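Enquirer: fold the following, please.
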Amino acid sequence: MNQLATYAPSLPAETALRLQAWALEAREALSDSTQRAYRIDSAAFATWCASQGLATLPASPAAVAAFLRAESAAGKAVATIRRRAATLSRMHKAAGLTNPCDSELVRLALKGIARNRGTDQRQAAALTERDAVTIRARMGDTLRDARDLALMLVGRDLLARASELVSLAAQDVETTVDGALVSLRRRKTTTEARAYFIGPEAAQALAAWLARAGIDQGAVFRSINKGGRVTDTALSTRDVQRILKARATEARLTHAATVSGHSLRVGMAQDLVAADLDLGSVMQAGGWTTPRMVARYTERLAAKRGAVAKFYGRR
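Expert: Below is the predicted model:
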């Protein structure tokens, strides 16, 4: 987390201490994926500054703007470039330094990059209920099958990010008459754990996996070694993506190549909207505080149900 300080050894002692203190607090407050993004972004900027003979901290607005344009020229996505700027902004604030990203120069650079490159982002392919049924039909009855089925069904019902699935603990699950309640902390939106419902099918699959794996405490979803034994090591977010992509490929889903760790979240959001559930309920289920991401996840569904589609459907 203290990547910029590592690449800027000439920082005043007071500034370095502020960065170190912030890094320690960030380990508890920020998700693993956010911390990883900070490390990657700050290392990229420090490397570029070294190649240009420029100071890393504090950075001038001109240097940051030039760096962002260089990233764009190198083919980085607009979303990645914006994330780079956000990381540099956060690091300067953490160090108690003037934030170069507040300058009009950097704002104009970002605006120009977005205008020239466009801002559309590739969305993760949805794993809908129909896809889940198709994947399940291809599964067997091995221990690995039991784990992957529970992962898929629980992940869908929770509208979970991969990072939330791998942090789920057995003691966070409470079985009910009609399913189960799962205590989950939406790490991007709140630091408080809240109870979320999973249906009977997901609850049954989860109970079967935990029983077969002998898990009653600690990480729910764990790796399985070559000998077929469950380890004490929790799956990583990359493992979740690999498993889902592999299962989608085995099921011969046409969109298997674009399946990611976010596909369960996108797919369930689409299913909930398709079932005409109200927006507030969908937002609660996914832990969203604004409707923006719900709209983005379901924009293709909305297009298929729009006025033009209805017009031709009635003819």
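Enquirer: residue ranges of the strands in the chain, please?
Expert: Here the chain has its strands, by DSSP state E, at 173-176, 179-185, 193-198, 222-224, 230-234.
Enquirer: reformat these as CSV; add distance to R115.
Expert: The way it works is simple: take the backbone N, C-alpha and C, and place the C-beta from them, glycine included. Formatted as CSV, the strands of the chain follow (distance: least, C-beta to C-beta, whole Å):
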stretch, distance to R115
strand 173-176, 48
strand 179-185, 38
strand 193-198, 40
strand 222-224, 45
strand 230-234, 42
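Enquirer: do you know which of those lies nearest M283?
Expert: Closest of the strands of the chain to M283 is strand 193-198, at 12.6 Å (criterion: C-beta to C-beta).
Enquirer: that closest one: which residues count as buried?
Expert: The neighbour-count check on strand 193-198 (16 or more other C-beta atoms under 10 Å) flags 196, 198 as buried.
Enquirer: same question, stretch 172-181
Expert: Applying a neighbour-count criterion of 16+ other C-beta under 10 Å, one finds 173, 179-181 buried in stretch 172-181.
Enquirer: same question, stretch 33-46
Expert: Result for stretch 33-46 [16+ other C-beta under 10 Å]: buried residues 34, 37-39, 41-42, 44-46.
Enquirer: could you export that stretch as CSV, CA atoms only?
Expert: Taking C-alpha atoms only, stretch 33-46 is exported to CSV below (Å, rounded to 0.1, in the frame of the first residue of the first chain):
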residue,chain,number,x,y,z
SER,A,33,-9.0,-5.5,-5.1
THR,A,34,-8.8,-1.8,-4.2
GLN,A,35,-5.5,-2.2,-2.4
ARG,A,36,-4.1,-4.2,-5.4
ALA,A,37,-5.3,-1.4,-7.8
TYR,A,38,-3.5,1.2,-5.7
ARG,A,39,-0.3,-0.8,-5.8
ILE,A,40,-0.5,-1.3,-9.6
ASP,A,41,-1.4,2.3,-10.4
SER,A,42,1.2,3.9,-8.1
ALA,A,43,3.9,1.5,-9.4
ALA,A,44,3.0,2.5,-13.0
PHE,A,45,3.2,6.2,-12.2
ALA,A,46,6.5,5.8,-10.3
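Enquirer: for the chain, which spans come out with low pLDDT?
Expert: Counting by pLDDT under 70, the chain contains low-confidence ranges at 1-11, 118-123, 187-191, 300-307, 309-312, 315.
Enquirer: domain ranges for this structure?
Expert: 3-117, 129-304 (automatic domain parsing).
Enquirer: redo those as CSV? Include distance to G313.
Expert: Listed next are the domains of the chain as CSV, based on distance: least, C-beta to C-beta, whole Å:
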stretch, distance to G313
domain 3-117, 35
domain 129-304, 10
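Enquirer: quick one, what contacts L279?
Expert: By C-beta atoms under 8 Å, 6 or more residues apart in numbering, the contact set of L279 is 291, 294.
Enquirer: where do the helices sit along the stretch 201-315 of the chain?
Expert: Taking DSSP state H, counting those that start in this stretch, the helices of the stretch 201-315 of the chain run over residues 237-250, 263-274, 279-286, 292-297, 299-304, 307-313.
Enquirer: on that earlier part again, from the buried residues of stretch 33-46, which is closest to A285?
Expert: T34 (22.6 Å).
Enquirer: ok, A44 touching R84?
Expert: Yes: at 6.7 Å, A44 and R84 qualify as touching, with contact defined as C-beta atoms under 8 Å.
Enquirer: A202 - how many residues pack around it?
Expert: A202 has 23 neighbouring residues, counting by other C-beta atoms under 10 Å.
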